[in-house]
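Peer 1: Next one to model:
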Amino acid sequence: MNPITLSVVLTSLAFGTAFVFSSSHWLLAWMGLEVNTLAIIPLMTQHKHPRAIEATTKYFLTQASASALLLFSSLNNAWFTGEWSIMDLTNPLSCTLMTIAICMKLGLAPFHFWLPEVLQGLSLITGLILSTWQKLAPMAILFQISPTLNTPLLLTIGILSTLVGGWGGLNQTQLRKILAFSSIAHLGWMVSVLPFSPQLMILNLVIYLIMTSAMFLTLKTISSTKISTLAISWSKTPVTTALSLLTLLSLGGLPPLSGFVPKWFILQELTSQSTTILATIMALSALLSLFFYLRLTYVVTLTSSPNMSNAPITWRHYSKQSTLALSIVLILSSCIMPISPLFIT
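Peer 2: Next up, the predicted model:
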C-alpha cells in the first residue's frame, strides 16, 4: 500500500477511536464508529484475494447492521426522553437494543459468527488491528453506559460467549480462527464483570490487548497461520517460539502468568456479588480454552512436521522485521502477575 494512503488510513483509525472516546452525544459516537469501520476497509482489501474480499464484505455488512441498530436505539431513547447524551440512556427498549448493537460490533455470542470467518481472510497485521484496536471504541461506549444496561442480558451474553469461545476453538487448525474464538471468550469475561466492576473490565481489556498483540506479532515473525507450520517454527526462531509458549499459557489463564490476573479478580468479584453459579460455569469454560492453548504448545514443543529423510533443510534466514514491539508485549504478557497487588489497591 502507498505510504501516504497507509498514513491516511491509520490516522483515520486513530481519529475515529478518539472521536468515540471524547464524545458525549450519540450522533458523534456513531460518526466515530463509522469512521473506524470505513478506515479499516482499505487495510482489509489491500491483498487482492477472494478470501479477503469476502471477509471485507462480511465485516462491512455486519458493522453496518450494528451501526443502524445503534442509531435506532439512540433515536428511540431521544424520542422518549428528549436527551441525546450517552449517559442518559434510560429507555428499557433502547438499552436492550444498544447492548445487542455493541455486542454485534464486538463479535460476542450469539452474534459472533462473522468474527472467525472475517479474521481468517485477513493478514496477520490487519487481524491484529481488528482484534485489538477495533475493540476499543465499542468497549468505551459499553463502559459509559454500564450503569443503565440490562444486567441479566449482559450476564447471559457473557457466559454464552465464554462457552462458545471455548467450544469453538477445540477443533480448529487455523491459528487465526483459534485467536478469533479466544477473543470471543475473553470478551465474554469482560462483559460478565462489567455490571459489577467496570474497572475490572478495563484491566481485563488491557491485559487482553497485550496478550493478543504478543500472539499476533509472534505469528507474524515466524510466518505461521496453521497449526502444522508451528511444528517447524522452533528451528527458525527458537527464542521467540519459547516465549510464545508462555504467551499461550498466559492466554489460557495459568498462574503465575499475566492472564491469570484478570480471571482471578473477576471470579473473586462474581463470587462476592452472590453469583457463584455464574463464576463456576465461567471457570469451567476456561478449561475449554486452556485445552486448545495446551494443544498449540504441544505442537510447538513435542512434534515435528512430517518429512522424508532427503527433504531439504529449512534455513534460518535473518529476519528484517522489527522486534521491539514484540519484545515488549512478550515480556508484559508473562510478567504482570508480580505487580497485581497494585491493581487491588
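Peer 1: helices or strands up against the particular helix or strand that has S182 in it?
Peer 2: Per DSSP states H and E: S182 is located in helix 175-193. Counting contacts by 3 or more Cβ pairs under 8 Å, 6 or more residues apart in numbering; DSSP states H and E, helix 175-193 packs against helix 114-120, helix 124-131, helix 151-168, helix 198-222, helix 260-272, helix 276-302. Where you see a C-beta, it was placed from the backbone N, CA and C, and this is true even at glycine.
Peer 1: phi, psi of S85?
Peer 2: When read as degrees, to the nearest 10, the backbone of S85 gives phi -70, psi 140.
Peer 1: Chain neighbours aside, what residue packs nearest to it?
Peer 2: S24 (5.8 Å; Cβ to Cβ, 6 or more residues apart in numbering).
Peer 1: same thing with L217?
Peer 2: L326 is the one closest to L217 (Cβ to Cβ, 6+ apart), at 4.3 Å.
Peer 1: repeat for G32
Peer 2: F19 is the one closest to G32 (Cβ to Cβ, 6+ apart), at 3.3 Å.
Peer 1: and that neighbour, what is it in contact with?
Peer 2: By Cβ atoms under 8 Å, 6 or more residues apart in numbering, the contact set of F19 is 28-29, 31-32, 35.
Peer 1: Show me those that map onto helices.
Peer 2: 28-29, 31-32, 35 (DSSP state H).
Peer 1: Could I have the buried ones of the contacts of F19 as PyMOL selection syntax?
Peer 2: Buried residues among those (16 or more other Cβ atoms under 10 Å), as a PyMOL selection:
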select buried, resi 29+31+32+35
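Peer 1: Which one of the contacts of F19 is nearest to S7?
Peer 2: V35 (15.5 Å; Cβ to Cβ).
Peer 1: Retrieve the pLDDT associated with that closest one.
Peer 2: pLDDT for V35: 95.
Peer 1: Where does the closest residue to it other than its chain neighbours fall, secondary structure wise?
Peer 2: Counting by Cβ to Cβ, 6+ apart, V35 lies nearest to G16, which is 3.4 Å off, once chain neighbours are set aside. Using DSSP H and E, G16 sits within helix 3-22.
Peer 1: Could you pull up the mean pLDDT of that helix?
Peer 2: 93.
Peer 1: what about that helix, distance to the chain center?
Peer 2: When distances are taken as Cα atoms, centre = their mean, to the nearest Å, helix 3-22 is centred 19 Å away from the chain's centroid.
Peer 1: Give me the contacts around stretch 147-165.
Peer 2: Against stretch 147-165 from outside (Cβ under 8 Å, 6+ apart): 89-90, 92, 95-96, 98-99, 103, 108-110, 112, 142, 181-195, 275, 278, 281-282, 285-286, 288-289.
Peer 1: Please indicate which of those are buried?
Peer 2: 89, 95, 98-99, 103, 108-109, 112, 142, 181-195, 275, 278, 282, 285-286, 288-289.
Peer 1: Can you mark which positions in the host helix or strand of Q63 are buried?
Peer 2: Assessed by DSSP H and E, Q63 sits inside helix 50-81. Using 16+ other Cβ under 10 Å as the burial criterion, the residues of helix 50-81 that qualify are 52, 55-56, 58-60, 62-63, 66-67, 69-71, 73-74, 77-78.
Peer 1: Check which helices and strands the very next helix or strand once past that helix sits against.
Peer 2: With elements assigned by DSSP H and E, the helix or strand that comes after helix 50-81 is helix 92-106. Judged by 3+ Cβ pairs under 8 Å, 6+ apart, the packing partners of helix 92-106 are helix 50-81, helix 136-145, helix 151-168.
Peer 1: what's the angle between helix 92-106 and helix 151-168?
Peer 2: Relative orientation of helix 92-106 and helix 151-168, computed by axes from the mean of the first three to the mean of the last three Cα atoms, to 10 degrees: 20 degrees.
Peer 1: And the contacts of stretch 10-18?
Peer 2: So stretch 10-18 is in contact with 32-40, 129, 133, 136-137, 140, going by Cβ under 8 Å, 6+ apart.
Peer 1: do stretch 215-233 as well
Peer 2: Contacts of stretch 215-233 (Cβ under 8 Å, 6+ apart): 124-125, 127-128, 131-132, 173-176, 179, 236-237, 240-241, 243-244, 247-248, 251, 295-296, 299-300, 303-305, 314, 319, 321, 323, 325-326, 329-330.
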